[in-house]
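Novice: Next comes the sequence, and after it the predicted model I'd like to discuss.
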Amino acid sequence: MVDTTPDGSRLSVDYGARDFDSLLRSIRSRIPDTIPEWTDFDAEADFGNVLLQLFAHTGDLLNYYIDRVATESLLGTAQTRRSVIQHLRLIGYRLATAAPAATTVTLSFPPLTSQLVVIRRGDAFTSRSGPGARSVRFEFNSEQPLQIATNSIAVTNGRKVFSGLRIEEGRLVEDEFLGSSTGQPNQRLRLAHPRVILRPIGPRSAGARDIILRSTAGGVVTEWTLTETLAFSRSTATDVAIEIDEDDRATLVLGDGRFGAVPAAGATLRATYRVGGGTLGNLPAGSIQTILDAPQLSSLAAEINNADPATGGAEREEIAHAVGHAPAVFRSLKRAVTTADYEALALMFGGVGKVRAGRGGWNLVRLYVAPEGGGHVSDVLRSSLVTYFEDLRPVSTLVEIMDVEYIPIAVTAEIAVISYYSQAQVAEEVREAGRRLLAFDSVDFGTSVYLSKFYEAIEAIPGVDFVNVTEFRRVEQPAGSLEASGKIVLAEHELAVASTEAGYDRRIQLVVSGGFI
């Protein structure tokens with residue numbers, strides 16, 4: 001049907017009119033041809049004009065939803081986390097939850113202590129709180145208790161010292177009651193606490209015990225196996241899958257009797273899991289000194305301290321990272337064969353910030369891993385990654401987790417500040433510019449560091465009259481030297497970081513003149 005005017009002539013339709021203003025203009029432009037007797041349609045008080053505005057408003061809303069449907073229907077353009085989760089589920093990729101930081105701590109006991117001390121899962125320790133910083137909870141997270149025979153520990157400096165207690169940030173939720181089975185297929189059980197810690201799932205992976213589901217019927221306890229999907233589960237398999245929504249709330253999904261078993265009607269269902277994760281757990285050495293919930297240690301006047309920093313804490317996976325990273329994981333078919341496969345799969349593991357894979361021999365793969373936020377790989381993360389790759393690597397291939405070699409870069413610059421700018425403020429902005437250039441998120445493996453980038457960043461700061469960089473070097477080079485090529489070349493397993501020579505921050509050392517103090 002062709003749109004025409006009362007005299008039979010064809011009307012032109014503006015299909016580009018999509019928002020309120022353009023729709024209202026388009027409607028009004030047709031009034032003289034369709035209703036020529038209506039001449040005062042521009043009057044705000046005219047009731048017909050109110051109707052036109054309502055029509056334009058409705059059209060604006062409809063076009064908004066049409067655009068949103070089109071945008072959210074493609075992975076590359078989707079904006080909401082919920083849509084991305086649904087898209088990635090089609091290729092078997094799950095957005096990573098927040099990962100917990102981990103470290104190894106030292107316990108010390110009075111010299112006369114002789115008891116057998118047992119550390120159990122959930123025993124808790126905490127960092128010190130202070131102005132602007134709240135305490136962070138860490139726990140022993142092994143299902144196997146750790147026994148410490150204090151009578152066999154020698155006294156050193158007046159204390160009995162035990163090293164090697166591995167702890168992770170987070171909190172254990174134990175035996176949470178989820179309800180009773182209805183005996184119906186496809187039962188869904190919502191966990192009460194958000195921010196579940198869930199690492200990549202596999203039959204022998206480090207994340208397979210992040211959630212333990214048990215059903216009890218007639219005095220018989222059945223433990224269910226966490227799996228990525230029920231699509232390959234037999235009808236009698238006690239498997240359970242998990243879904244994480246956009247609000248970081250987890251739902252356990254049980255089988256339907258064809259793909260995965262159905263719990264007997266009336267069976268009670270309980271879950272044990274951990275919550276937490278995030279960068280708040282990345283703490284410096286010496287931060288964890290409080291025994292929070294381990295009475296067997298408190299009664300013995302034990303003391304705790306982390307000689308190494310806690311590393312590996314990461315926030316939940318961002319949409320942009322998943323959209324860029326998921327295709328590589330999908331291409332690998334979750335099997336590690338090429339070095340690109342190893343890198344893609346390692347980046348799925350929570351707490352891994354950067355990784356570079358290299359061959360150490362015909363059957364050895366070395367993974368140079370930088371935890372989220374920088375630092376060195378903790379023993380917990382190292383052992384978890386090795387276990388994670390057990391099901392992903394070829395049988396004959398060995399995987400070795402290596403620490404990244406951080407290359408400190410020393411930079412010194414002379415800057416002149418324009419007379420009407422604050423010398424201190426400009427100097428601080430220059431140091432901040434240097435910090436950004438050498439920040440963990442700004443560097444990558446084997447990426448050269450260019451002198452020109454420092455000139456460019458400093459000269460762009462308001463108040464800088466001129467700049468002269470007098471020192472630009474790796475720290476092992478002579479102090480005060482300037483790399484002649486203007487480029488510091490890094491190896492494939494090296495990352496540039498800010499130098500901390502002599503214990504102070506050397507992102508950019510400054511000699512400042514001019515400005516006002």
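Specialist: That came through, no problem.
Novice: Assess the claim that residue 376 and residue 285 are in contact.
Specialist: No. Residue 376 lies out of contact with residue 285 (C-beta atoms under 8 Å); the separation is 11.2 Å. (Glycine included, C-beta is placed from N, CA and C.)
Novice: Find the residues that touch each one of these two.
Specialist: By the contact definition C-beta atoms under 8 Å, 6 or more residues apart in numbering, residue 376 and residue 285 are jointly contacted by residue 308.
Novice: Looking at the two, which has the bigger crowd around it?
Specialist: Using other C-beta atoms under 10 Å as the criterion, residue 376 and residue 285 rank with residue 376 on top: 16 against 12.
Novice: residues in contact with the closest residue to that one other than its chain neighbours?
Specialist: Leaving aside its chain neighbours, residue 376 sits nearest to residue 403 (5.0 Å; criterion: C-beta to C-beta, 6 or more residues apart in numbering). Going by C-beta under 8 Å, 6+ apart, residue 403 touches 368-369, 376-377.
Novice: Pick out whichever of those sits closest to residue 161.
Specialist: For those, the minimum distance to residue 161 (C-beta to C-beta) is 21.9 Å, reached by residue 376.
Novice: List the contacts of that closest one.
Specialist: Neighbouring residues of residue 376 by C-beta under 8 Å, 6+ apart: 308, 311, 403-404.
Novice: Angles on the backbone of it, please.
Specialist: The phi/psi pair for residue 376 (degrees, to the nearest 10) reads phi -100, psi 160.
Novice: Then the one 5 residues further on?
Specialist: When read as degrees, to the nearest 10, the backbone of residue 381 gives phi -70, psi -40.
Novice: Could you measure from it over to residue 296?
Specialist: Using C-beta to C-beta, to the nearest Å, residue 381 is found at 27 Å from residue 296.
Novice: Same question for residue 86.
Specialist: Distance from residue 86 to residue 296, counting by C-beta to C-beta: 47 Å.
Novice: Now residue 266. Nearest residue, chain neighbours left out?
Specialist: Residue nearest to residue 266 in three dimensions, not counting chain neighbours: residue 180, with 5.8 Å by C-beta to C-beta, 6+ apart.
Novice: That neighbour touches residue 270, doesn't it?
Specialist: No. Counting by C-beta under 8 Å, residue 180 does not reach residue 270; the two are 10.6 Å apart.
Novice: any low-confidence regions in this structure?
Specialist: Where the chain drops to pLDDT under 70, the residues are 1-13, 15, 201-208, 499-507.
Novice: hmm, try it at 50
Specialist: In the predicted model of the chain, residues 1-2, 202-208, 501-505 satisfy pLDDT under 50.
Novice: Tell me where it has helices.
Specialist: For the chain, the helices defined by DSSP state H cover 20-34, 47-72, 81-89, 295-298, 319-332, 339-346, 379-388, 423-437, 451-459.
Novice: Could you chop the protein up by domain?
Specialist: 20-72, 102-170+278-305, 172-275, 319-403, 406-516 (automatic domain parsing).
Novice: can you tell which of those is closest to residue 93?
Specialist: Relative to residue 93, the nearest member of the domains of the chain by C-beta to C-beta is domain 319-403, separated by 4.5 Å.
Novice: Can you get me the start-to-end distance on the closest one?
Specialist: Using C-alpha to C-alpha, to the nearest Å, the end-to-end distance of domain 319-403 comes out at 28 Å.
Novice: partner residues bridging the residue nearest to residue 266?
Specialist: residue 268 (DSSP bridges).
Novice: quick one on the thing from earlier: tell me which of residue 381 and residue 296 has more neighbours.
Specialist: Between residue 381 and residue 296, counting by other C-beta under 10 Å, residue 381 is the more crowded of the two (27 against 16).
Novice: The residue lying closest to the more buried one once chain neighbours are set aside and residue 278: what is the separation?
Specialist: With C-beta to C-beta, 6+ apart as the criterion, residue 381 has its nearest non-adjacent residue at 4.7 Å, and that residue is residue 312. Applying C-beta to C-beta, the value for residue 312 to residue 278 is 11 Å.
Novice: re earlier: please spell out the PyMOL selection for the buried subset of the contacts of residue 376.
Specialist: Buried members of those, defined by 16 or more other C-beta atoms under 10 Å, are picked up in PyMOL with:
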select buried, resi 308+311+404
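Novice: Residue 452 contacts residue 486, doesn't it?
Specialist: Yes. If you go by C-beta under 8 Å, residue 452 and residue 486 touch, sitting 6.3 Å apart.
Novice: So those two - more neighbours on which side?
Specialist: residue 486 (16 against 10).
Novice: Now do the same contact list for the nearest residue in space to the more buried one that is not next to it in sequence.
Specialist: Leaving aside its chain neighbours, residue 486 sits nearest to residue 451 (4.0 Å; criterion: C-beta to C-beta, 6+ apart). By C-beta under 8 Å, 6+ apart, the contact set of residue 451 is 469, 472, 483, 486-487.
Novice: ok, so of these, who is nearest residue 344?
Specialist: residue 487 (29.4 Å).
Novice: so how far is residue 443 from the closest one?
Specialist: 14 Å.
Novice: More neighbours: which of those two?
Specialist: Counted by other C-beta under 10 Å, residue 487 and residue 443 do not tie: residue 443 has more neighbours, with 22 against 13.
Novice: Isn't that one up against residue 498?
Specialist: No. The criterion here is C-beta under 8 Å, and residue 443 misses it with residue 498 at 10.2 Å.
Novice: what residues are shared contacts of the two?
Specialist: Jointly contacting residue 443 and residue 498 under the rule C-beta under 8 Å, 6+ apart is no residue at all.
Novice: State which strand of this structure is the longest.
Specialist: strand 405-422 (DSSP state E).
Novice: what's the burial count for residue 218?
Specialist: Neighbours of residue 218 (other C-beta under 10 Å): 7.
Novice: wait, what's in contact with it?
Specialist: Contacts of residue 218 were listed using C-beta under 8 Å, 6+ apart, and they are residue 264.
Novice: Now stretch 422-437: buried residues?
Specialist: Of all the residues in stretch 422-437, those buried under the rule 16+ other C-beta under 10 Å are 423, 426-427, 429-431, 433-434, 437.
Novice: got a markdown table for these, with distance to residue 175 too?
Specialist: A markdown table is the format used below for those (distance: C-beta to C-beta, whole Å):
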| residue | distance to residue 175 |
| --- | --- |
| 423 | 62 |
| 426 | 59 |
| 427 | 57 |
| 429 | 54 |
| 430 | 56 |
| 431 | 51 |
| 433 | 52 |
| 434 | 51 |
| 437 | 50 |
